[in-house]
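1. Sharing a model prediction with you, sequence too.
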Amino acid sequence: MLTCSFGIAPSPLNVLPDKRTLVENRPVATIMDHQPFVNIVPFGLCMSLANPITAAQTAAALGVLTPGTCIPVLPAPWLPGAPTVLIGNMPALTNSSQCICAYGGVITIGFPGATRETLP
């Protein structure tokens, strides 16, 4: 499960099974699993004034913060990845990896999918 510092609800990380590496029968995520609406789905509403929807709704409410629809804009991959664990030549995600939204939100991993096994 993921959380965003400007989102109001958690969101799952969707990892496509294209890398053929599984941990606890789930596909392993890499730093490149940051595609909006594919890997990272919206976090409900967004409280960032950098989000044009939130800014417009807040202006219409005479300056009262009015969260708008969350539309993740993720121009860069997750950082840092696991420096010694590569999945398809990409570093694997760790529970300390973060992804930054263009609207200023910091996306973090609230609950990792794997809890018992470690990567080879």
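-> Now that the structure is in, tell me what you want to look at. Numbering: from 1, shown residues only.

2. CA only for contacts and neighbour counts going forward, please
-> OK.

3. Tell me the gap between the helix or strand of the chain with the lowest mean pLDDT and the middle of its chain.
-> The weakest-scoring helix or strand in the chain, judged by mean pLDDT, DSSP states H and E, is strand 22-23 (a mean of 80). Distance, stretch centre to chain centre, for strand 22-23: 20 Å (C-alpha atoms, centre = their mean, to the nearest Å).

4. now do stretch 24-37
-> 10 Å.

5. The least confident helix or strand of the chain pairs with which strands, parallel or anti?
-> As defined by DSSP bridges, the strand partners of strand 22-23 come to strand 26-27 (antiparallel).

6. Tell me which helix or strand comes right after the partner strand.
-> strand 45-46 (DSSP states H and E).

7. Could you name the helices and strands sitting against that next one?
-> Judged by 3 or more C-alpha pairs under 8 Å, 6 or more residues apart in numbering; DSSP states H and E, the packing partners of strand 45-46 are strand 68-69.

8. In its sheet, which strands sit next to the strand it packs on, and in what direction?
-> Partners of strand 68-69, by DSSP bridges, with direction: strand 45-46 (antiparallel).

9. What is the subsequent helix or strand relative to the strand it pairs with?
-> Note on strand 45-46: by DSSP H and E, the next helix or strand toward the C-terminus is helix 52-60.

10. contact partners of that next one?
-> If you take C-alpha atoms under 8 Å, 6 or more residues apart in numbering as the criterion, helix 52-60 is touched by 46-49, 64-69.

11. for stretch 5-22, same thing?
-> Stretch 5-22 has contacts (C-alpha under 8 Å, 6+ apart) with 1-4, 27-29, 33, 38-48, 70, 87-88, 104-107.

12. now with 6 Å?
-> With contact meaning C-alpha atoms under 6 Å, 6 or more residues apart in numbering, stretch 5-22 is reached by 1-3, 27-29, 39-40, 43-48, 105-106.

13. Using PDB, write down the CA coordinates of that stretch.
-> Extracted in PDB, the C-alpha atoms of stretch 5-22 (Å, rounded to 0.1, in the frame of the first residue of the first chain):
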ATOM      1  CA  SER A   5       1.700  13.300   1.500                       C
ATOM      2  CA  PHE A   6      -1.000  15.300  -0.300                       C
ATOM      3  CA  GLY A   7      -3.500  12.500  -0.900                       C
ATOM      4  CA  ILE A   8      -6.300  11.700   1.400                       C
ATOM      5  CA  ALA A   9      -6.500   7.900   0.900                       C
ATOM      6  CA  PRO A  10      -4.000   5.100   0.500                       C
ATOM      7  CA  SER A  11      -3.500   3.400  -2.800                       C
ATOM      8  CA  PRO A  12      -2.200   0.000  -3.900                       C
ATOM      9  CA  LEU A  13       1.000  -0.400  -6.000                       C
ATOM     10  CA  ASN A  14       0.100  -2.400  -9.100                       C
ATOM     11  CA  VAL A  15       3.100  -4.400 -10.300                       C
ATOM     12  CA  LEU A  16       2.700  -6.100 -13.700                       C
ATOM     13  CA  PRO A  17       4.000  -9.700 -13.800                       C
ATOM     14  CA  ASP A  18       6.300  -8.900 -16.700                       C
ATOM     15  CA  LYS A  19       9.600  -9.400 -14.900                       C
ATOM     16  CA  ARG A  20       9.000 -13.100 -14.000                       C
ATOM     17  CA  THR A  21      10.500 -12.600 -10.500                       C
ATOM     18  CA  LEU A  22       8.200 -13.400  -7.600                       C
END
